[in-house]
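Asker: any chance you can model this:
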Amino acid sequence: MFWVKTISVFTWILAVDCTIPSYIKVCSKNDPHIDVCIKESISYLRPQLASGIPELDVPSLEPLVIDHFQVNSGRDQARINLGVNDVKIWGASKFDITEVKVDEAQLSFFVKVLIPHLYFEATYDLDMQMLVLSYKGKGPMSGNLTDMVLTFQLNGEIINKNGVQYLHFPRVKNGMTLGKIEMSFGDEKFKSEVLGKGINQVLMENGDMIAEQFAPGLAEACEGLFTDIGNHITEAFPYEELFPL
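Answerer: Numbers count the residues shown, from 1 in each chain. So this is what the prediction gives:
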């Protein structure tokens, strides 16, 4: 019995003895300007997010790595079905926080950011039909995304580990809009003067439509990643240490 109690006490000490690192700005739950404090805390954390935080198992945002997402637009004789795979995105850490809303009592956090420019590389699987022009193929692709607006809705809950409370997010809901998208496809068929020019013209003329469809697919692909990042940070430290009185 003595050893059982000793081990239990030792486990409890390990659970609560978590020193919050200097790169995490702590915000008091009673701060009347907690929205401002959370905004500053996220900004303060940005350099670490760019390079990654190995001790918290948080991956680097440079590049941001995504396995796959899908873009489907139109149907029949006017359709674009684009599978985007093995995606690497640079520029995600250059975000500007434009809005933060916090309801600490409800564990609700809303964050809106603007990312002026992103560059990405990936592989694609494209099936496109635009009237008489059709293309089906695979290959490398790259592109630029400008004026991306991201929204994050984090609805948290308190979980208990070894008698200590931690903040957990079941799922981070993302919203995304894109100002402009430019894409370049590396299939040999695109080197054909007639076909290449025709496809690129179609993509340029339908840029707004593609951007509208591109954003939801990318946002959905990012949800799991951002959920993991949030939880790796908040579940590393007791709730009362992250949000003291």
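
Asker: C-alpha only now, for contacts and for neighbours.
Answerer: Fine.

Asker: list the buried residues in the helix or strand hosting Gly217.
Answerer: Secondary structure assignment for Gly217, by DSSP states H and E: helix 207-234. For helix 207-234, burial by neighbour count (16 or more other CA atoms under 10 Å) applies to 207, 210-223, 225-234.

Asker: which secondary structure elements does the helix or strand following that helix contact?
Answerer: Of the helices and strands lying after helix 207-234 in sequence (DSSP H and E), the nearest is helix 239-242. Under the contact definition 3 or more CA pairs under 8 Å, 6 or more residues apart in numbering; DSSP states H and E, helix 239-242 sits against strand 164-168.

Asker: what strands line up against the strand it packs on, and which way round?
Answerer: Each strand that pairs with strand 164-168, with its direction, by DSSP bridges: strand 157-161 (antiparallel).

Asker: could you export the strand it pairs with as CSV, CA atoms only?
Answerer: Output in CSV follows, covering the C-alpha atoms of strand 157-161 (Å, rounded to 0.1, in the frame of the first residue of the first chain):
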residue,chain,number,x,y,z
GLU,A,157,-13.9,21.1,-23.3
ILE,A,158,-12.1,20.3,-20.0
ILE,A,159,-10.7,16.8,-19.8
ASN,A,160,-9.1,15.1,-16.7
LYS,A,161,-5.8,13.4,-16.6
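
Asker: low-confidence stretches in the chain?
Answerer: Residues of the chain that meet the criterion pLDDT under 70 lie in 1-18, 74-78, 131, 187-200, 202-209.

Asker: what ranges does it have for its helices?
Answerer: 2-16, 34-51, 193-205, 207-234, 239-242 (DSSP state H).

Asker: rewinding a little: now for the helix holding Gly217, which elements pack on it?
Answerer: When contacts are defined as 3+ CA pairs under 8 Å, 6+ apart, helix 207-234 packs onto strand 64-75, strand 164-168, strand 172-177, strand 180-185.

Asker: for Pro21, find the nearest of these.
Answerer: Set against Pro21 and scored by CA to CA, the helices and strands packed on helix 207-234 come closest in strand 164-168, at 16.6 Å.

Asker: buried ones in that closest one?
Answerer: Under the neighbour-count criterion of 16+ other CA under 10 Å, strand 164-168 has 165-168 buried.

Asker: which of those residues lies closest to Gln70?
Answerer: Using CA to CA, His168 is the member of these that lies nearest Gln70, at 28.6 Å.

Asker: these two touch, right, that closest one and Ala236?
Answerer: No. The pair His168 and Ala236 fails to qualify as a contact (CA atoms under 8 Å) at a distance of 10.2 Å.

Asker: what sits in contact with each of those two?
Answerer: Among the neighbours of His168, none is also in contact with Ala236 (CA atoms under 8 Å, 6 or more residues apart in numbering).

Asker: next one: phi and psi at Pro59?
Answerer: Note on Pro59: backbone dihedrals following degrees, to the nearest 10 are phi -70, psi 160.

Asker: got a list of what it touches?
Answerer: Applying CA under 8 Å, 6+ apart as the definition, the contact partners of Pro59 turn out to be 49, 51-53, 229.
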